[in-house]
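Q: any chance you could fold what I've pasted below:
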Amino acid sequence: MKRVVITGLGAVTPIGNNVADTWAAMKSGVCGIDIIKSFDPELTKAKVAAEVKNFDPTEYIEKRECRKLDLFCQYALVAAAQAVEDSGIKGNVASERFGVYVGSGVGGIQTFYDQCINMHTGKNISPFFIPMMIGNIAAGNIAIKYDAKGPCLPVVTACATSTHAVGEAFHAIKYGFADAIIAGGAEAAVSPLAIKGFTSCKALTMSDDPKQASIPFDKRRSGFVMGDGAGILILEEYEHAKARGAKIYAEITGYGNTCDAHHITAPDPEAQGAAGCIKLALEEAGYQGGEELYINAHGTSTPMNDSTETKAFKLALGDDAYKAHISSTKSMTGHMLGATGAVEAIAATLALNNGIVPPTIGYQEPDPECDLDYTPNQAVEAPLTAAISTTFGFGGHNACIALHKI
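A: Predicted coordinates:
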C-alpha cells in the first residue's frame, strides 16, 4: 500500500480568494459573514451569508468561457488552477495516472433558478443550461483542462461532499489506482432559491448580526450561515512526489465513511455513526493517543450538530477529546456546503504545517453540552503532530480524514 501526501493547495473562500489570504484571515479570526450583497436580502428571511468577495476568474479562465460556467464551476476551476500551480504537478504525472475527485452539494443552483425564470417568462433556455447545472461538471472541466484521464469521481454527499472526495481520492492512490488526484469541492448556493429552501427546513440562523450569526458550540447558536467558495488539494503518492522534489504539506493517513441511517436532516443524537466514522479514520491512521491533536470540527452552529459532534469526539477519543485542540472555521467562512470539507482540510493541513490552531470566533456563552476546548476567539500556537477534519451531511452522511505532520 502506498503513502499519500498533499503537495498543492487552492482556495476561493469568503475570507480570501487564495490560500495565503484565507489562512492569514483564519489565523487572525476574520469574519467573512455579512448582509447578503448578491441579491436583495429582503427576498429572504435569512439576511446574512458568507459570500466570496471581489472574485475575478479571468486570471485563470477566459472571459468568454465564464459565460458558459455556473459560479460554482468557476470557483472550482480557479481553486484547481491555484493548487496545480502550487504543486508543480502539471506535466509531471502520466495522464492515465492523474485523477479528479471534485464534488458539489447542490451544483449550479443559480443557473437552475435563472433558467426556470426564463422558461416561465417565455425566454429561451440556454443551450448550456444542463452542462452548467449538473454537479459533476466541475470535475469534468478540471479533467479536460489538465488532461487528467485517470479516475474521475464527483462525490455528492451534501455537506460531507468534499471530505468524502478527499478521502476517496486518498484510498484510490493508497491502493494504486492513481499517482496524483485533484480533490475537493465547490459551491455557489447563496441564491434566493437555496436560501429560501434551507430556511424552510429550519437550518439557517435568522440572526441579522454578521458577527454573531455563526457561533459554533456557543449556547446561543441558532442555525448555520450559508457560504460559497471552493477548496482543492493535490493528493500524490509519496514516492512519486519525493522523486520529483515536490513540496509536501502533510500526509493523509486515514479516512472514515459511515451513515447514521437515522433521519434526512437531523444527526443521530446518540452520535454512534459520527463516532464510528472518526474511529475508522484514526484506526487507519494508526493513531495511538497522546499526540498533540487538532480537530477541525464540522461545527455548523446548529443546536443539534454541535452537541452531537461533541459527544462523537468523546466516544471516539475518550479522554483525548478533552486534550485536543478543536475549532470550527465555519465561524469565519460560514457553511460552504460541498466545499466546506476541502477548505477545512486545507485549514487542518496548514494548522499542522505551521503549528497554529485557528480560532472559533464569536464564542461567548459556554454550553454545558459542549464542554471541550474549542479555541475561543484567538488562535493559539501548539506543537501539533496529528489532525482530523470532520464533516456530516443531510441524509446521515459522516466523513472524517486524518492527517499527520511529515
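
Q: what mean pLDDT does stretch 100-114 have?
A: Averaged across stretch 100-114, the pLDDT comes to 98.

Q: pull the distance from that stretch to the chain's centre.
A: Remark: stretch 100-114 is offset 14 Å from the chain centroid, using C-alpha atoms, centre = their mean, to the nearest Å.

Q: list the buried residues of it.
A: Neighbour counts using 16 or more other C-beta atoms under 10 Å place 100-112, 114 of stretch 100-114 among the buried residues. Any C-beta I mention is one placed from the backbone N, CA and C, and that applies to glycine too.

Q: can you check stretch 311-320 too?
A: Result for stretch 311-320 [16+ other C-beta under 10 Å]: buried residues 311-317, 320.

Q: of all pairs in the residues you listed, which one is the farthest apart?
A: The largest separation in those, counting by C-beta to C-beta, is between Lys311 and Asp320 at 14.6 Å.

Q: please enumerate the helices of the stretch 1-150 of the chain.
A: Using DSSP state H, counting those that start in this stretch, the helices found in the stretch 1-150 of the chain span residues 19-28, 63-66, 71-87, 109-120, 129-133, 137-146.

Q: deepest-packed of these, please.
A: helix 71-87 (a mean of 27; mean count of other C-beta atoms under 10 Å).

Q: how about Pro303, nearest residue that isn't a chain neighbour?
A: Closest residue in space to Pro303, ignoring its immediate chain neighbours: Arg221 at 6.1 Å, by C-beta to C-beta, 6 or more residues apart in numbering.

Q: model confidence for the one you found, exactly?
A: pLDDT at Arg221 comes out at 98.

Q: tell me the two of the buried residues of stretch 100-114 that are most distant?
A: Longest span within the buried residues of stretch 100-114, C-beta to C-beta: Tyr101 and Asp114, 28.1 Å.

Q: so Ser95 makes contact with Ile144?
A: No - the pair Ser95 / Ile144 is not scored as a contact, 11.6 Å apart, by C-beta atoms under 8 Å.

Q: for the stretch 1-150 of the chain, which spans come out with low pLDDT?
A: Along the stretch 1-150 of the chain, no part satisfies pLDDT under 70.

Q: give the contact list for the closest residue to Asn353 other than its chain neighbours.
A: Leaving aside its sequence neighbours, Asn353 sits nearest to Tyr249 (C-beta to C-beta, 6+ apart; 5.4 Å). Tyr249 makes contact with 5-7, 9, 349-350, 352-353, according to C-beta atoms under 8 Å, 6 or more residues apart in numbering.

Q: how about 10 Å then?
A: By C-beta atoms under 10 Å, 6 or more residues apart in numbering, the residues touching Tyr249 are 5-9, 86-87, 233-234, 346, 349-350, 352-353, 403, 405-406.

Q: now swap in Leu317 and tell me
A: Leu317 touches 275, 278-279, 282, 287, 289, 293, 295, 323-324, 372, 388, counting by C-beta under 10 Å, 6+ apart.

Q: closest one to Ala189 among the helices of the stretch 1-150 of the chain?
A: Comparing the helices of the stretch 1-150 of the chain by C-beta to C-beta, helix 109-120 comes nearest, at 5.5 Å.

Q: elements contacting the closest one?
A: When contacts are defined as 3 or more C-beta pairs under 10 Å, 6 or more residues apart in numbering; DSSP states H and E, helix 109-120 packs onto helix 71-87, helix 129-133, helix 192-200.

Q: tell me where this protein has strands.
A: Using DSSP state E, the strands of the chain run over residues 4-12, 34-35, 48-49, 98-103, 180-187, 229-237, 250-259, 293-296, 325-327, 356-357, 380-381, 386-393, 397-404.

Q: deepest of the ones you listed, which one?
A: A comparison of those by mean neighbour count, using mean count of other C-beta under 10 Å, puts strand 180-187 on top with a mean of 35.

Q: in this structure, which residue sits furthest out from the middle?
A: Distance from the C-alpha centroid of the chain peaks at Gly122, with 37.9 Å (C-alpha atoms, centre = their mean).

Q: hmm, back to that, what is the nearest of the buried residues of stretch 100-114 to Pro383?
A: Each of these was checked against Pro383 using C-beta to C-beta; the closest is Tyr101, at 31.5 Å.
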